[in-house]
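Chemist: fold the following.
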Amino acid sequence: MVEFACGIPHLIKGEYSEGAGPGIDLFSLRQPLGVVAGITPFQLSRHDPDVEVRARPRLRQRVHSQPSERDPSVPMRLAELLVEAGLPAGVLNVVNGDKEAVDTLLTDARVKAVGFVGSSAIAEYIYSTGCANGKRVQCFGGAKNHMIVMPDADLDQACRCADRRRLRLRRRSAAWPVSVAVPVGKKTADALIAKLIPRVESLKIGPSSDEQADYGPLVTKAHLDKVKSYVDLGIKEGAKLKVDGRGFKLQGYENGFFMGGCLFDDVTPDMHIYKEEIFGPVLSVVRAKDYEEAVRLPVRARLRQRRRHLHARRRHRTRLHQTASRSALVGVNFAIPVPLAYYTFGGLERSGFGDLNQHGPTRSASTPRPRRLTARWPSGTKEGAEFLIPTMK
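Modeler: As a prediction, the model looks like this:
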């Protein structure tokens, strides 16, 4: 991310067309838009400091960062480091606060663009409010990320993708990159569950300072209680809880907001734990009879998706999935299909509002103001001729 941000001048340079008409040249420039506001969620500003880099490759812009009021310490520290490194005063400003601070940024005429990552409901609110106030807005909401497991899949590999282990996600929030696992066929489902149970049970939970921990605490007591209530609701609606992490207590941190991994089997599309995003360590297994049923599940339930995974060995099936999947990010036998910095990354439908995305060329084009210049040079004069056709000496 840092390397890509340092190379941003290449993506915001203008264009020049000589001789577009008789004696006419055309120019395009990308100039600073003005003040840009970045509203970041608690799980990114808390556990993922590089979001501050990837959220604002905005050369020559003045940036207001509005971190989550639940955990604003990382953006504050990053701002301190930037000032220490020599960033001029006023280029980056950290604005702490809650909804009142957000609404101020959305309605202030001096703010020209807004970027946001969070829940779909808040993303829609920020997008509509920002656009109504004439701002350029980039918003990303929540999602239910599915992982389809075919009968010929490498189940060990699928389990590694499902339980977040070895995904370089240590010390981040307790939300997992895969919300729903969809094994195809009873035999595949039984085998997947048998492999997932010991993996989920053996996950190591610890404080953010523990380098060996697979994930850390939830952000607040209220959020911990909300995730636990979803587990209670899943049991009430008939899902089978194979691994119960609600009673987990970390020695020395008994009052912390830690929760063990939870694994549900026999989840159906009509259950709340399937239809609603659970931002916590809860994995639901929804069994499908065939590939077609597995693909139709989120479509029938009208779920928003950002990522979809497929684990299979047959090449024709994986190629079909790459083209037919209705997700912004498609991973085939791969853990988290987030591209490198120079590729666009975003969401579809209620997972992403507007046509601006993170990363890549489209991201760098979201904040500069494009300008077009047309110049007509004098013709029939010595000076004009010399300008249009230089003499080689």
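
Chemist: can you pull out the strands in the stretch 201-350 of the chain?
Modeler: 240-243, 262-265, 282-285, 307-311, 329-332 (DSSP state E, counting those that start in this stretch).

Chemist: tell me the contacts of residue 240?
Modeler: Going by CB atoms under 8 Å, 6 or more residues apart in numbering, residue 240 touches 264, 265, 266. Placement of C-beta: from N, CA and C, glycine included.

Chemist: hang on, isn't the first one packed against residue 232?
Modeler: No. Taking CB atoms under 8 Å as the contact criterion, residue 264 and residue 232 are not neighbours in contact, 11.9 Å apart.

Chemist: neighbour-wise, which of these two wins?
Modeler: Of the pair residue 264 and residue 232, residue 264 is the one with more neighbours under other CB atoms under 10 Å, namely 25 against 11.

Chemist: for residue 85, phi and psi?
Modeler: Note on residue 85: backbone dihedrals following degrees, to the nearest 10 are phi -80, psi -10.

Chemist: what do you get for residue 195?
Modeler: phi -80, psi -30.

Chemist: got the end-to-end distance for stretch 86-95?
Modeler: 20 Å (CA to CA, to the nearest Å).

Chemist: and the closest residue to residue 117 other than its chain neighbours, what are its bridge partners?
Modeler: If the residues on either side of it in the chain are set aside, residue 117 comes closest to residue 140, at 4.7 Å by CB to CB, 6 or more residues apart in numbering. Beta-bridge partners of residue 140, counted by DSSP bridges, are residue 117, residue 352.

Chemist: measure residue 140 to residue 240 for me?
Modeler: 33 Å (CB to CB, to the nearest Å).

Chemist: cool, residue 20 as well?
Modeler: 68 Å.

Chemist: next: residue 198.
Modeler: On the measure of CB to CB, residue 198 and residue 240 end up 17 Å apart.

Chemist: next one: residue 268
Modeler: For residue 268, the distance to residue 240 - CB to CB - is 11 Å.

Chemist: same deal with residue 187?
Modeler: Taken as CB to CB, the span from residue 187 to residue 240 is 18 Å.

Chemist: find the least confident helix or strand in this protein, judged by mean pLDDT.
Modeler: Of all helical and strand segments in the chain, the minimum by mean pLDDT, DSSP states H and E falls on helix 51-54, at a mean of 43.

Chemist: buried residues, the strand or helix carrying residue 105. List them.
Modeler: Element membership for residue 105, per DSSP states H and E: helix 99-107. Buried residues in helix 99-107, counted by 16 or more other CB atoms under 10 Å: 101, 102, 105, 106.

Chemist: adding pLDDT and distance to residue 146, write those out as JSON lines.
Modeler: Converted to JSON lines, those look like this (pLDDT from 0 to 100; distance: CB to CB, whole Å):
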{"residue": "101", "pLDDT": "88", "distance to residue 146": "35"}
{"residue": "102", "pLDDT": "90", "distance to residue 146": "31"}
{"residue": "105", "pLDDT": "91", "distance to residue 146": "34"}
{"residue": "106", "pLDDT": "92", "distance to residue 146": "33"}
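
Chemist: would JSON lines of these with distance to residue 42 be doable?
Modeler: Below are those laid out as JSON lines (distance: CB to CB, whole Å):
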{"residue": "101", "distance to residue 42": "14"}
{"residue": "102", "distance to residue 42": "14"}
{"residue": "105", "distance to residue 42": "17"}
{"residue": "106", "distance to residue 42": "19"}
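
Chemist: of these, which is the nearest to residue 41?
Modeler: residue 102 (11.8 Å; CB to CB).

Chemist: distance check, the closest one against residue 265.
Modeler: 40 Å.

Chemist: rewinding a little: now do the helix or strand following the least confident helix or strand of the chain and helix 99-107, the angle between them.
Modeler: Using DSSP H and E, the helix or strand that follows helix 51-54 towards the C-terminus is strand 62-66. Using axes from the mean of the first three to the mean of the last three CA atoms, to 10 degrees, the direction of strand 62-66 lies 150 degrees away from that of helix 99-107.

Chemist: burial count for residue 224?
Modeler: Using other CB under 10 Å: residue 224 sits among 19 other residues.

Chemist: picking up where we left off before, nearest to residue 32 among the buried residues of helix 99-107?
Modeler: Of the buried residues of helix 99-107, the one sitting nearest to residue 32 (CB to CB) turns out to be residue 105, at 17.8 Å.

Chemist: number of residues surrounding residue 109?
Modeler: 10.

Chemist: which residues does it contact?
Modeler: 133, 134.

Chemist: and it, what helix or strand is that in?
Modeler: Going by DSSP H and E, residue 109 is not in any helix or strand.

Chemist: relative to residue 130, how far out is it?
Modeler: 12 Å.

Chemist: and for residue 314?
Modeler: 45 Å.

Chemist: do the same with residue 188
Modeler: 45 Å.

Chemist: counting neighbours, go ahead and name the busier of those two.
Modeler: residue 130 (26 against 21).

Chemist: verify the contact between that one and residue 108 for me.
Modeler: No. Contact between residue 130 and residue 108 fails when scored by CB under 8 Å: they sit 10.8 Å apart.

Chemist: which residues are in contact with residue 266?
Modeler: Taking CB under 8 Å, 6+ apart as the test, what residue 266 contacts is 238, 239, 240, 285, 287.

Chemist: relative to residue 242, how far out is it?
Modeler: 9 Å.

Chemist: residue 13 - how many residues pack around it?
Modeler: That count, for residue 13 with other CB under 10 Å as the rule, works out to 11.

Chemist: wouldn't it be in contact with residue 28 here?
Modeler: No. Using CB under 8 Å, residue 13 makes no contact with residue 28, being 9.4 Å away.

Chemist: got any ranges where this structure has weak pLDDT?
Modeler: For the chain, residues meeting the criterion pLDDT under 70 lie at 1, 43-62, 163-177, 299-309, 315-328, 335-339, 341-351, 356-368, 377-393.
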